[in-house]
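[1] Coordinates for the following, if possible.
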Amino acid sequence: MAEKRLAAVCLFLLAAGAATARPDATLADAAEKKHQAKLADLLKQGADVNAAQADGTTALHWAAYHDDPRTAALLLKAGASAKAANRYGVTPLALACTNGGTEVVDLLLKAGADPNATLRGGETALMTAARTGKIGPVKALLAKSADVNAKDRSGQTALMWAAAEGHAEVASALLAAKADLTTPTPAGFTPLLFAARDGRLDAVRVLLKAGADANEAVQPKKAAPRGPRPGTSALHLAVENAHFESAVALVKAGADPDDQRCGYAPLHMISWVRKPNRGDSDDGDPPPTGSGTLTSLEFVKQLVALKADVNRAQKQGAPGRGILGRPGATPLIAAASTSDVPLVRSLLDLGADPKLTNADGTTPLLAAAGVGVGAPEEAAGSEPEAMEVIELLLKGGADVNAADKNGDTAMHGAAYRNHPKVVQLLADRGARIDVWNRPNKGGLTPLVIAEGHRPGLNFRPSPPTVAALHRVMLAAGVTPPKAPPLPANLLDPGYGGKQKSPGP
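    So this is what the prediction gives:
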């Protein structure tokens, strides 16, 4: 939703803009300072009741701002204009709706205030009242034929404001007045999508009861660079923001628990909702605060109980999501890639298959070791966590000697992640040197990777990982070779451009 403009405008403009008073604005000054006795005396002396301060603010504006029905009634009786707008288009009615003071709103409407007057951004008094959440002003405005489906400059309606703020009673009143439930903003958001994104459970229930489609998805007229992906459903928005109770309500109302119109299903999303990356990009944001008392792991259990497929494979890749960037990833692969021990354990308990692979042949074990995780210093999960996940997967029947279609093994993954203890663990658990000590399709063995030769990254060696690989190679009767020259294909622009020298 757009920023809550009105409150900021009011506080700044009424306080700062009114500082320079006109000679005839003494009545407005008295109202500003809440000097009721002085105000009454000025009215008796014939002061101009509609005289304004420098920014156009009148005494009636201040009475509305202070939610003072007694002063407002006195001013209106003296002829104050209920339609007055200051230089910024703010009316007394807009201020009264911000306060949520029903008595002042009623006084202004009876005195002729326009219920459909707008602020410069198109916000109507009804939108303001819906955002504030007080039912009295909303009902008063509707009784005076306020346009329930008016749109502001961003295409937002009063119902959208009420939904986003979680004002269920207001939403019900607007719906009873025939508020539009389905037409989205140009950005593709409906009232239900706003409510789901912000975890407004009561509003979600009101909207669903009124007939909102539980499978509604964002379909923007023009994709925004930082907006949700087209196909992002109300369920996706609820899960991504850790509003798990709202997510369950949506599924129980008919939302597809395996929906992946945006590229991934809710069970895939849990991996980064629980453990985001540690980088500076968007996927490195901290975990969402969320709402409610339902934990993410309990949500996973409930979602599977509601028929979500724990082994659901992605139909398409999701760029920027690590291992999920390639099609075919399962929720277990996603969880393993973030070294999320509790989530991996839960998924295995729920029937996740540790032998399933993505389109590249990457298994959960390879993902846990480090295949496909990107920059090691930014990836989620620690080395001890990765080791625990690997043990869980091996116990579940994972193959320590599996290799993907690119020729990467778990040992390659350990080298990519700079995890020397994982190297030793894999060797101790039966990783065969004749399987992993081979170049992958990029010409890289685990040792070459550990020595710092990897495409697309600065060539930074990891001496502890090199030492660990030397130890397991010597233990297997293989003499580690001297560091080879950089493979020719790493000099190709497609692998990150010109050769870079080792460095810090």
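[2] neighbours around the closest residue to residue 416 other than its chain neighbours, how many?
    Closest residue to residue 416 apart from its sequence neighbours, by Cβ to Cβ, 6 or more residues apart in numbering: residue 370 at 4.5 Å. Heads up, the C-betas are built off the backbone N, CA and C, glycines and all. Neighbourhood size, residue 370 [other Cβ atoms under 10 Å]: 28.
[3] ok, residue 370 - contacts?
    376, 379, 386, 412, 413, 414, 415, 416, 417, 419, 422 (Cβ atoms under 8 Å, 6 or more residues apart in numbering).
[4] Can you say which of these are buried?
    376, 379, 386, 412, 413, 414, 415, 416, 417, 419, 422 (16 or more other Cβ atoms under 10 Å).
[5] Could you check how many residues crowd around the closest residue to the second one other than its chain neighbours?
    Take residue 379 and drop its neighbours on the chain: the residue closest to it by Cβ to Cβ, 6+ apart is residue 373, 4.3 Å away. Using other Cβ under 10 Å, the number of residues around residue 373 comes to 24.
[6] Return the per-residue confidence for residue 373.
    pLDDT recorded at residue 373 is 80.
[7] Is it in contact with residue 386, as I believe?
    No: taking contacts as Cβ atoms under 8 Å, residue 373 lies outside contact range of residue 386: 9.6 Å.
[8] show me the contacts for the closest residue to residue 152 other than its chain neighbours.
    With sequence-adjacent residues excluded and distances taken as Cβ to Cβ, 6+ apart, residue 152 is closest to residue 122, at 3.6 Å. Applying Cβ under 8 Å, 6+ apart to residue 122 gives the contacts 150, 151, 152, 153, 154.
[9] ok so, going back, what is the nearest of the contacts of residue 370 to residue 322?
    residue 379 (7.3 Å; Cβ to Cβ).
[10] so who does the closest one touch?
    277, 278, 322, 337, 338, 370, 373, 417.
[11] Need phi/psi at it.
    phi -70, psi 150 (degrees, to the nearest 10).
[12] For it, report the pLDDT, please.
    80.
[13] Quick check: it vs residue 340, distance?
    12 Å (Cβ to Cβ, to the nearest Å).
[14] returning to that earlier point: ranking by neighbours, what's the top pick from the contacts of residue 122?
    residue 152 (22 neighbours).
[15] That one against residue 123, yeah?
    Yes: with contact defined as Cβ under 8 Å, residue 152 counts as touching residue 123 (4.9 Å).
[16] I would like the residues contacting the helix or strand hosting residue 365, please.
    Using DSSP states H and E, residue 365 sits in helix 364-369. Residues outside helix 364-369 that contact it (Cβ under 8 Å, 6+ apart) are 323, 330, 332-337, 339, 344, 354, 356, 372-373, 386, 389-390, 393-394, 398-400, 402, 404, 408-414, 417, 419, 422, 426.
[17] any idea which helix or strand comes after it?
    Toward the C-terminus, helix 364-369 is succeeded by helix 383-395 as the next helix or strand (DSSP H and E).
[18] Which elements pack onto that following helix?
    helix 341-349, helix 364-369, helix 410-417, helix 420-428 (3 or more Cβ pairs under 8 Å, 6 or more residues apart in numbering; DSSP states H and E).
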